[in-house]
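Asker: Build me a model from this:
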Amino acid sequence: MPKRNLGIAKEPDPVSRKSDGYFSALVKLVPSEALGLYLALDNLIKNSQGKETVDTIGYQNLAIMISAGVCFVLALVSRYFNARNPDNSVQWLNVCLGGLAFIIWLMAIGGPFEGIPDIKLISGMTTIIFMSVVPFLTISRR
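Answerer: Coordinates of the predicted model:
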């Protein structure tokens, strides 16, 4: 019976690693950790209040804005630590695009932008254009 190697899998050499394709780059543009946290906080904030009055709606909006700001910073920090070159330098374009992607996805799901007229049209068009064009920018920079 042949011996099995049950050791820890090694990461391939940076030279032998292939560049990400379009769909891989597309998936990496979605700041899922920050969006997931924002959606959980948004749901918690909206469902934690009792009777809605002018004061509670104001506090809800403030809490939603603060949670969006915290999640935006989380998206940037996450990109900062996860968008690295093989020589361990930061890919600043990807960090900035990650922050922009969070804002665009936040517009698409509503968030603090819900009161803006035609926000669904604007956010839908922005999301489609951003998610179609930006992966090509990130692929060519690798």
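
Asker: Could you double-check that Arg84 lies in contact with Val90?
Answerer: Yes: Arg84 lies in contact with Val90 (Cβ atoms under 8 Å); the separation is 6.4 Å. Where C-beta positions appear, they are placed from N, C-alpha and C, glycine not excepted.

Asker: could you pull out the helices for this structure?
Answerer: Shown for the chain, the helices assigned by DSSP state H span residues 22-28, 32-48, 54-82, 92-109, 119-140.

Asker: so which of those is the most packed in?
Answerer: The highest average neighbour count among these, using mean count of other Cβ atoms under 10 Å, belongs to helix 92-109 at a mean of 19.

Asker: for that one, packing partners?
Answerer: Judged by 3 or more Cβ pairs under 8 Å, 6 or more residues apart in numbering; DSSP states H and E, helix 92-109 is in contact with helix 32-48, helix 54-82, helix 119-140.

Asker: so what does the longest one touch, helix or strand wise?
Answerer: When you say that, I think you mean helix 54-82. helix 32-48, helix 92-109.

Asker: Quick one: closest of those to Pro135.
Answerer: helix 92-109 (9.7 Å; Cβ to Cβ).

Asker: next one: the closest one to chain centre, how far?
Answerer: Centre-to-centre, helix 92-109 and its host chain are 6 Å apart (Cα atoms, centre = their mean, to the nearest Å).

Asker: Please work out the average pLDDT along it.
Answerer: For helix 92-109, mean pLDDT is 90.

Asker: try stretch 126-133
Answerer: The model assigns stretch 126-133 a mean pLDDT of 89.

Asker: Could I have the CA atoms of that stretch written out in PDB?
Answerer: The C-alpha trace of stretch 126-133 is given here as PDB (Å, rounded to 0.1, in the frame of the first residue of the first chain):
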ATOM      1  CA  THR A 126     -24.000  51.700 -11.400                       C
ATOM      2  CA  THR A 127     -23.800  48.100 -10.100                       C
ATOM      3  CA  ILE A 128     -24.100  46.600 -13.600                       C
ATOM      4  CA  ILE A 129     -21.500  48.900 -15.100                       C
ATOM      5  CA  PHE A 130     -19.100  48.600 -12.200                       C
ATOM      6  CA  MET A 131     -19.300  44.800 -12.000                       C
ATOM      7  CA  SER A 132     -18.900  44.500 -15.700                       C
ATOM      8  CA  VAL A 133     -15.900  46.800 -16.200                       C
END
